[in-house]
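Visitor: predicted model and sequence below, questions to follow.
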Amino acid sequence: MSAKGDTPEKGKDFIRQIIDRDLEDGKYGGRVHTRFPPEPNGYLHIGHAKSICLNFGIARDYQGKCNLRFDDTNPVKEEIEYVDSIREDVRWLGFDWDANPFASDYFEKLYCIAELFIKMGKAYVDHQSADEIRATRGTLTEPGIDSPYRDRTPSENLDQFRRMRAGEMKDGECILRARIDMSAPNVMLRDPALYRIKHADHHRTGDAWCIYPMYDFTHGLSDAIEGITHSVCTLEFENNRPLYDWCVDTLMAGLKHPELFGRHADIYNELAALPGFNQRPYQFEFARLNITGTVLSKRKLIQLVREGHVSGWDDPRMPTICGFRRRGFTPESIRDFCDRIGVAKADSTVEYALLEHCLRQDLNERAPRYMGVLDPVKLVIENYPEDQVDEFTIPLHPEDESFGARTVPFSRELWIERADFMEEPPKKFFRLGPGREVRLRAAYYVTCTGYEKDAEGRITEIRATYDPATKGGWSDDGRKVKGTLHWVSARHGLKAEIRNYGNLFTTDNPNAPGEGKTFIDLVNPDSLEVLPECRVEPAIRDMPAGTNFQFERTGYFCADLRDHRPGENLVFNRTATLRDSWAKIQKQIGK
RNA sequence: UGGGGCGUCGUCAAGUGGUAAGACAUCAGGUUUUGGUCCUGACAUUCGGGGGUUCGAGUCCUCCCGCCCCAGCCA
């Protein structure tokens, strides 16, 4: 009941409140069992992370269980590649499952339950075409029309259904339908399909089946089979809940008639022994996650990949788990984000700024600091001896000594950031300009004595003098230097490629493109900026791929998981910039 | 126009009839060898709107308005 430690008791989300109540009522004998049920037809994205954190988080908080169940009932859309990636992503997020079943594991049981429904008069085989069924389903305001096959006898239906399984019918020739109510105001209840014929190989069961159960039939019954107590899904399934209940209730009712199982006494015994027999699961729905500036629908993500707008599912601009991983996000930051956004029933769009905040907060604590110059321009220290080298020992983290320190060489010629120099700086500019003095981070104070430009007016070299008395970057003679610049020794610096990522879309809401447009029209053509000529300090040379770190004053970066080669080819992804109050000032004085 | 949901600060979101939490964002200061971090302060007389019940309503009743979901042999 109480939050751990000194964290203030935050109001629990409505699902946990329901669980608390169920626990008090003794509804499941103290059991809490959830599941995360992805269909293996795409990669997981941050919307899934919300669901994962909710379902696995509930299991953790209540000492319950959470299954990872693959909802693989449509063989033409599902692939083993996705199964592997989903497992990897769930683990990376920091969760582990209690069981990892596939709905396809239950095909035999589900088939048996379908026969049970038929014997109970709750399902029938309909030979109408898909078009006919659509035409007779009615509309939102008009009831549907009963199928001419609706009143076939159970034995006739049984015979037909067995022929379906035996492969005697072609795809689409007939389906098994629930016998509910063609005039139900909820369209979901107008005799929905339970089984369809698909002569297609399944990624796990191969050619063992040519009929496959539909989602609604499969999902609730799988929950019951696994003893799930709280089946948490998103809002769009709210209309399906009565059907979920119908399937589970019909099974419960059927279980009271062992004789209906005939030669399948073994399956009856198995089902009747399940915890779900007397403690049936209930479905609860919460609002799915939306984030500004991105899309979170599998269809759209797959389109971005297939049409080549991004390099793949793990493109660092993608809101997929693997995309965020490659970008340099930590699992902790994503979990923190999911904790903060809450769980409710109102449609909502969370600002990307919150995710970025969670990221920066985590990275600020854990990222070691280095110096790297993204857009280098030469700085020559005129009074620094040609052959001299200083070696500065600089802490890897300004607030945490346990990080230790690295050694950074300093010499006469340095690289500094082009943006750190202005020929005619405005008053609020604290950096280098003619005659100005700044601090080179942890090294010396330097004063600009001049600069050179090429024919196009581009700065080619900046000249300065240093003050040897300021070694280490400090002087206690009362001199004020407002600006501190990062730098890399030209002679010692390493070349690196840096990839800066911007918004994938040109608008905050790519889900609402204007008249006659699609979200693809809103893809930002400038969302990737590759800087192949960056210079970084030598301490980074052997950094392993996947390492998070900060380039001081610039941002958080991550050695790329695919292309970075320690010691050979340095490739860094910009995970996020640092907050930049200078950029704000620039905007203000620009106006 | 049938059914199912949802409307509390720019964005999320607590609140469960007793007098509007918190976070992000924003703005204003302070500290600072990262214009980072950190710290301080400001930020909903009002809960989609109107009636009503009540000593008391964001919470209850009622009418209205707006938004989302459903007519796949997808999940």
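Guide: Nice, I can see it.
Visitor: how about the helices in the stretch 251-400 of chain A?
Guide: For the stretch 251-400 of chain A, applying DSSP state H, counting those that start in this stretch gives helices covering A:265-272, A:298-306, A:321-327, A:331-341, A:352-366.
Visitor: now do the first one: which elements does it pack against?
Guide: When contacts are defined as 3 or more Cβ pairs under 8 Å, 6 or more residues apart in numbering; DSSP states H and E, helix A:265-272 sits against helix A:107-119. For the C-beta atoms, the positions are set from N, CA and C on the backbone; glycine is no exception.
Visitor: give me whichever of the helices of the stretch 251-400 of chain A is most buried.
Guide: Among the helices of the stretch 251-400 of chain A, helix A:321-327 has the highest mean neighbour count (mean count of other Cβ atoms under 10 Å), at a mean of 24.
Visitor: what comes into contact with that helix?
Guide: With contacts defined as Cβ atoms under 8 Å, 6 or more residues apart in numbering, helix A:321-327 is touched by A:43-46, A:48-49, A:85, A:88-89, A:92-93, A:313-318, A:334, A:501, A:558, A:560-562, A:573, A:575.
Visitor: try 6 Å
Guide: Helix A:321-327 has contacts (Cβ atoms under 6 Å, 6 or more residues apart in numbering) with A:44, A:89, A:313-316, A:561, A:573, A:575.
Visitor: any chance of JSON lines for the residues you listed, columns neighbour count?
Guide: Formatted as JSON lines, the contacts of helix A:321-327 follow (neighbours: other Cβ atoms under 10 Å):
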{"residue": "A:L44", "neighbour count": "25"}
{"residue": "A:D89", "neighbour count": "23"}
{"residue": "A:W313", "neighbour count": "22"}
{"residue": "A:D314", "neighbour count": "20"}
{"residue": "A:D315", "neighbour count": "20"}
{"residue": "A:P316", "neighbour count": "27"}
{"residue": "A:L561", "neighbour count": "17"}
{"residue": "A:N573", "neighbour count": "23"}
{"residue": "A:T575", "neighbour count": "26"}
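Visitor: and for the residue in the stretch 1-150 of chain A that RNA strand B sits nearest to, the neighbour number?
Guide: For the stretch 1-150 of chain A and RNA strand B, the shortest gap (Cβ to the nearest atom of the strand) falls at A:G11, measuring 2.2 Å. Residue neighbour count, defined by other Cβ atoms under 10 Å, stands at 8 for A:G11.
Visitor: again, but for A:S129
Guide: 13.
Visitor: how about A:Y282?
Guide: When neighbours are defined as other Cβ under 10 Å, A:Y282 has 18 of them.
Visitor: and it, bridged to which residues?
Guide: A:H230 (DSSP bridges).
Visitor: show the pLDDT at it.
Guide: Listed pLDDT for A:Y282 reads 97.
Visitor: now, among the contacts of helix A:321-327, which is nearest to A:E108?
Guide: Here the nearest of the contacts of helix A:321-327 to A:E108, counting by Cβ to Cβ, is A:L44; it sits at 28.6 Å.
Visitor: phi first, then psi, for A:R574.
Guide: A:R574 adopts backbone torsions of phi -80, psi 120, taken as degrees, to the nearest 10.
Visitor: next up, the contacts around the residue lying closest to A:P192 once chain neighbours are set aside.
Guide: Leaving out its chain neighbours, the residue that sits closest to A:P192 by Cβ to Cβ, 6 or more residues apart in numbering is A:A178, at 5.4 Å. Shown in contact with A:A178 (Cβ under 6 Å, 6+ apart): A:123, A:191-192, A:194.
Visitor: give the contact list for A:T250.
Guide: Applying Cβ under 6 Å, 6+ apart, the residues contacting A:T250 are A:K122.
Visitor: mind checking pLDDT for it?
Guide: Value listed for A:T250 in the pLDDT field: 97.
Visitor: show me where pLDDT drops low in chain A?
Guide: A:1-10, A:276-277, A:591 (pLDDT under 70).
Visitor: try it again at 50.
Guide: A:1-8 (pLDDT under 50).
Visitor: A:T34: what's it in contact with?
Guide: A:T34 neighbours (Cβ under 6 Å, 6+ apart): A:55, A:58-59, A:66, A:230.
Visitor: please name the bridge partners of it.
Guide: Beta-bridge partners, per DSSP bridges, of A:T34: A:C66.
Visitor: just the element for A:W415, please.
Guide: If you go by DSSP states H and E, A:W415 is part of strand A:413-417.
Visitor: tell me the buried residues in that strand?
Guide: Within strand A:413-417, the residues scored as buried using 16 or more other Cβ atoms under 10 Å are A:414-417.
Visitor: so does that strand get close to RNA strand B?
Guide: No: between strand A:413-417 and RNA strand B, judged by Cβ under 7 Å from any atom of the strand, nothing touches; the nearest distance is 9.8 Å.
Visitor: hmm, back to that, widest-spaced pair of the buried residues of strand A:413-417?
Guide: A:L414 and A:E417 (10.8 Å).
Visitor: the stretch 301-450 of chain A against RNA strand B: which residues are in contact?
Guide: So the stretch 301-450 of chain A meets RNA strand B at A:340-351, A:353-354, A:356-357, A:360-361, A:364, A:369, A:397-399, A:428-431, A:439, A:441-442 (Cβ under 7 Å from any atom of the strand).
Visitor: do the same with the stretch 451-591 of chain A
Guide: A:472-474, A:483-484, A:550, A:552-553, A:578-582, A:584-585.
Visitor: any idea how far the residue nearest to A:P192 is from A:S147?
Guide: The gap separating A:A178 from A:S147 is 12 Å, by Cβ to Cβ, to the nearest Å.
Visitor: go on, A:A442?
Guide: Counting by Cβ to Cβ, the gap from A:A442 to A:S147 is 80 Å.
Visitor: do the same with A:T575
Guide: 57 Å.
Visitor: cool, A:E81 as well?
Guide: 39 Å.
Visitor: same check, this time on A:E424
Guide: 82 Å.
Visitor: repeat for A:D467
Guide: Separation of A:D467 from A:S147 (Cβ to Cβ) stands at 92 Å.
Visitor: what does A:D159 give?
Guide: For A:D159 relative to A:S147 (Cβ to Cβ), the value is 17 Å.
Visitor: A:H219 falls within a helix, correct?
Guide: Yes: checked against DSSP: H, G, I helix; E, B strand; the rest coil, A:H219 lies within a helix.
Visitor: number of residues surrounding it?
Guide: Neighbours of A:H219 using other Cβ under 10 Å come to 28.
Visitor: next, A:L243: phi, psi?
Guide: Per degrees, to the nearest 10, the backbone of A:L243 is at phi -70, psi -40.
Visitor: that one touches A:F217, doesn't it?
Guide: No: counting by Cβ atoms under 6 Å, A:L243 does not reach A:F217; the two are 8.5 Å apart.
Visitor: in terms of neighbours, single out the busier of these two.
Guide: A count of neighbours by other Cβ under 10 Å puts A:F217 above the other of A:L243 and A:F217, at 27 against 24.
Visitor: contact partners for the more buried one?
Guide: Contacts of A:F217 (Cβ under 6 Å, 6+ apart): A:194, A:247.
Visitor: please repeat the previous calculation with a cut-off of 8 Å.
Guide: Contacts of A:F217 by Cβ under 8 Å, 6+ apart are A:110, A:114, A:178, A:194-195, A:247.
Visitor: with A:D181 instead?
Guide: A:189-191.
Visitor: got the residues of the stretch 101-250 of chain A near RNA strand B?
Guide: A:128-130, A:133-134, A:137-141, A:171-172, A:174-175, A:185-188, A:192-193, A:196-198, A:212, A:214-216, A:219, A:235-240.
Visitor: taking those residues one by one, which sit in helices?
Guide: Under the assignment DSSP state H, those contribute A:130, A:133-134, A:215-216, A:219 to helices.
Visitor: show the buried residues in those.
Guide: A:133, A:215-216, A:219.
Visitor: the stretch 151-300 of chain A: strands as residue ranges?
Guide: Using DSSP state E, counting those that start in this stretch, the strands of the stretch 151-300 of chain A run over residues A:175-178, A:193-197, A:211-213, A:230-234, A:282-286.
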